[in-house]
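Visitor: prediction below, plus the sequence it came from.
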Amino acid sequence: MTTDAITSPQRGQEKSAWWRAVLGEYPTGVCLVASRGEADEPIGMVVGSFVAVSEEPPLIGFFAGRDSRTLPELVSTGRFSASVLGADDEAFCRAFASKAPDRWERRPFVDTPTGAPRLADAVAWFDASIESTQPYGDHVFIVGRVHDFGAGAGGAEMPLLFRRAGYGSFSAPGGTYDARAFIERLRWASMAEREIESLSTELGVEVAINTQLGDSVVTLASVALDSTVSTFDNVGAAHPWAAPISPVFAAWAPTARRHAWEEASRHLTGSVDRALIEDQLRGVRDRGYAIAGDQALTDRFLGLVRGHRTDRDAYARVWAEIAASRRRLEDGDGVHWDEVAVVQVPVFDEEGDVVMSIYAIGWQRSASPHSSERMVERMRTAAGRISARIAASRTGG
Ligand SMILES: Cc1cc2nc3c(=O)[nH]c(=O)nc-3n(C[C@H](O)[C@H](O)[C@H](O)COP(=O)(O)O)c2cc1C
């Protein structure tokens, strides 16, 4: 046993500090619980002890210190709202913890149906009437029956987290990948370099080669528009592999991998339109390649990737808009080529797995459907040649 490294003090202030230090290791979200006093003034406090108590009936609760001045006021109103704070709310949270005089003016509030103020853009919120109060030691457990609840910002915003007197949030998925696998794929991409240079010149588009590693999509090579020289600025740039981005890595993948792609999107944006995504994948498989629309949106997306952003909210917003813009790309009459900004063609290995994709950015809006299809054929021919070269290198040919 090596427990003597960290021993618990038995008495007084030291014991209390130790209790708090050890408990401080446990991370929590942060909620503002609030109501309105007799003169209609807002009252409330931030708590880390918010908890879901029961679904049927819907009950929520939190623990308030017995010495809290807010507690008796709040209990006497018979109701409370709970607003889950977002990742950007650290200063707002500190304002409440320090009772800053302007704390209620810092953010927009709206009243719940029972008349308690809640944050207008809370990550999630609940409106409850007080069901019971029960003292436990130096705290009181307040349980509320939920009458209304909702999620703000389309569920896209990430909650604020608290641990050891410090604040944080979730980071975006993706961004890390297996370096050895990356190096092997870089070798394959180098075999494709000449192909993508001539593609870029002939088609007048920027061309990149991407690969999927774990939960990331990583750029292996890219050729800027009007350049015959590979630019390596973007090599290694990674972004989350989450629906509806980079569907070529999902369209021919086993079910489990496809689901991982869909689930990654749900974690990122809070929801996922499965019918739309299944439709998208069917389209990709039928056509043999993927399309994406809206140049301005594509530019914003590429800005995040090339800026090596790991800010989950920024990704989530672009993801949600890209999902919405997909609906305009295709209908019963086929592809609307004048809406297309990106074409993505798979590169298969000899087992039929998609190991890389050729990604053409800045598709010519003026191109006719016929010439667009010819350009895609040109890309697919290049992808076929790259596949053959990879297969040959693996068999030592
Ligand atoms: C992140 C965080 C979590 C907190 N969690 C709780 C909690 O669960 N219960 C509680 O009574 N106070 C909690 N507090 C402290 C209260 O926000 C508040 O400062 C304290 O109750 C004293 O205010 P009052 O006397 O006006 O009620 C927390 C403070 C912070 C910053």
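Guide: Okay, I see it.
Visitor: give me the pLDDT for the closest residue to residue 113 other than its chain neighbours.
Guide: Of all residues not flanking residue 113 in the chain, residue 148 sits nearest, at 5.5 Å (CB to CB, 6 or more residues apart in numbering). Placement of C-beta: from N, CA and C, glycine included. pLDDT for residue 148: 94.
Visitor: hmm, residue 205 is touching residue 222, no?
Guide: No - taking contacts as CB atoms under 8 Å, residue 205 lies outside contact range of residue 222: 11.4 Å.
Visitor: so for the two, which residue has more residues nearby?
Guide: Relative neighbour count places residue 222 above the other of residue 205 and residue 222, with 24 against 21, counting by other CB atoms under 10 Å.
Visitor: OK, now which residue of the stretch 101-250 of the chain is nearest to the ligand?
Guide: The nearest approach of the stretch 101-250 of the chain to the ligand comes at residue 162, 4.2 Å away (CB to the nearest ligand atom).
Visitor: can you give me the neighbour number for that residue?
Guide: Neighbours around residue 162, by other CB under 10 Å: 20.
Visitor: mind checking the SS state of it?
Guide: strand (DSSP: H, G, I helix; E, B strand; the rest coil).
Visitor: what's near enough to touch it?
Guide: 27-30, 48, 168 (CB atoms under 8 Å, 6 or more residues apart in numbering).
Visitor: show me where the protein has helices.
Guide: 12-23, 70-77, 90-97, 179-191, 193-203, 248-251, 255-269, 274-287, 295-306, 312-326, 369-394 (DSSP state H).
Visitor: relative to residue 137, which of these is closest?
Guide: helix 12-23 (11.6 Å; CB to CB).
Visitor: now tabulate the contacts of residue 162 in TSV and tack on pLDDT and distance to residue 236.
Guide: Below are the contacts of residue 162 laid out as TSV (pLDDT from 0 to 100; distance: CB to CB, whole Å):
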residue	pLDDT	distance to residue 236
27	93	31
28	96	35
29	96	34
30	96	35
48	97	38
168	84	25
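Visitor: grab the two from those that are most spread out in space.
Guide: Going by CB to CB, the two entries of the contacts of residue 162 that are most distant from one another are 48 and 168, at 13.1 Å.
Visitor: contacts only, for residue 118.
Guide: Applying CB under 8 Å, 6+ apart, the residues near residue 118 are 32, 34, 81-83, 109-112, 125, 127.
Visitor: low-confidence regions, this structure specifically.
Guide: 1-7, 152-157, 171-176, 226-233, 308-312, 365-366, 396-397 (pLDDT under 70).
Visitor: so of the contacts of residue 118, which ones are in strands?
Guide: 32, 34, 81-83, 109-111, 125, 127 (DSSP state E).
Visitor: hang on, the earlier thing: which neighbours do residue 205 and residue 222 have in common?
Guide: Once CB under 8 Å, 6+ apart is applied, it turns out that residue 205 and residue 222 contact no residue in common.
Visitor: give me the more crowded residue out of residue 48 and residue 168.
Guide: For residue 48 versus residue 168, neighbours defined as other CB under 10 Å are more numerous around residue 48 (17 against 13).
Visitor: and the nearest residue to the more buried one once chain neighbours are set aside, how many neighbours does it have?
Guide: Nearest residue to residue 48, sequence neighbours excluded (CB to CB, 6+ apart): residue 28, at 3.7 Å. The tally of other residues near residue 28 (other CB under 10 Å) stands at 16.
Visitor: likewise for residue 249?
Guide: Neighbour tally, residue 249, other CB under 10 Å: 25.
Visitor: from the ligand, how far out is the most centrally placed residue in the chain?
Guide: Among the residues of the chain, the one closest to the centroid is residue 268, at 2.4 Å (CA atoms, centre = their mean). Applying CB to the nearest ligand atom, to the nearest Å, one obtains 25 Å for the distance of residue 268 from the ligand.
Visitor: again, but for residue 325
Guide: 38 Å.
Visitor: count of neighbours near that residue?
Guide: 18.
Visitor: list the contacts for it?
Guide: Residue 325 neighbours (CB under 8 Å, 6+ apart): 292-294, 297.
Visitor: what is the burial count for the nearest residue in space to it that is not next to it in sequence?
Guide: The shortest distance from residue 325 to any non-neighbouring residue, by CB to CB, 6+ apart, is to residue 294 (4.6 Å). Residues lying near residue 294 (other CB under 10 Å) number 20.
Visitor: thanks again, I'm all set now.
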